[in-house]
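1. Sequence and predicted structure, then a few things I'm wondering about:
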Amino acid sequence: MKIIDISLPLNNQTPVYPGNVPLSVSIHHVMPEHATQLSSITMGSHTGTHIDAPAHAVAGAPTLDKIPLENFVGPCRVLDFSKSNVASVTKEMLQSKNIKKGERILLKTKNSLRGFKEFYDDYAYLSGDGADYLASLSVLIVGIDALSIKQRGSNDHRPHTSLLAESIPIIEGLNLALVEEGEYELFCLPLKFIGIDGAPARAVLIRNA
Ligand SMILES: [Zn+2]
């Protein structure tokens, strides 16, 4: 079995979306007499590879702990749009992939080819009509290789709201550089924070033979 890690590394160099809490990791204390070292971690709920809960963008909508774990684990399909170098993934592009109701969908764009060492304003994103389309198919989860699924600065909030209003969680901050288009098993479980809008997750894919 080959496990492909599609998560971003977390350390003091991890880029965060502008305005978000910087990620800070430091030694809290070292107690050699007890053979113990502990670190302190400060981070926002949308840091690195993380999951957006409906409550992130829709007032009164469910928080992350209310989303069934079945959304986060199971068969999934990676769709590769990285070679087309487009600014966004549109409804038309998604329609060409014959997505069925209830699939788990990960979107690979040019972002994965550029890498994640720093934050770029011009990252590829999901378009509003693309989000409407995926919401209409009642997919179980949508992931993308960008720290936000929405265009930076855009007033079209549908990439968040269309999906989250249907309680479809969103994985942001995936690294799909080493992943080809195809079918996989997804494991992407958020940390069990209660009553909040999102949380970091470790995401991996296992290739279906
Ligand atoms: Zn987020």
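-> Nice, thanks for sending it over. Numbers count the residues shown, from 1 in each chain.

2. how many neighbours does the residue of the chain found nearest the ion have?
-> The ion sits closest to His46 of the chain, with a gap of 3.6 Å, by C-beta to the ion. For the C-beta atoms, the positions are set from N, CA and C on the backbone; glycine is no exception. By other C-beta atoms under 10 Å, the residues close to His46 number 21.

3. ok but it is inside a helix, no?
-> No: secondary structure of His46 (DSSP: H, G, I helix; E, B strand; the rest coil): coil, not part of a helix.

4. what pLDDT does the residue lying closest to it once chain neighbours are set aside get?
-> By the measure of C-beta to C-beta, 6 or more residues apart in numbering, the closest residue to His46 outside its immediate chain neighbours is Gly198, 5.0 Å from it. Predicted confidence (pLDDT) for Gly198: 97.

5. can you count the residues close to Gly198?
-> Close neighbours of Gly198, defined as other C-beta under 10 Å, add up to 24.

6. farthest residue from the center of the chain?
-> Using C-alpha atoms, centre = their mean, the residue of the chain lying farthest from its centre is Glu33. It sits 40.9 Å away.

7. how close does that residue get to Lys66?
-> From Glu33 over to Lys66 the distance is 44 Å, taken as C-beta to C-beta, to the nearest Å.

8. swap in Asn11?
-> Counting by C-beta to C-beta - Asn11 and Lys66 are separated by 31 Å.

9. So between those two, which is more surrounded?
-> Neighbours per residue, other C-beta under 10 Å: of Asn11 and Lys66, the larger number sits with Lys66, 13 against 9.

10. can you pull the contacts of Ser26?
-> The neighbours of Ser26, taking C-beta atoms under 8 Å, 6 or more residues apart in numbering as the test, are Ser39, Ser40.

11. Ser148 against Glu172, yeah?
-> Yes: using C-beta atoms under 8 Å, Ser148 is in contact with Glu172, at 6.1 Å.
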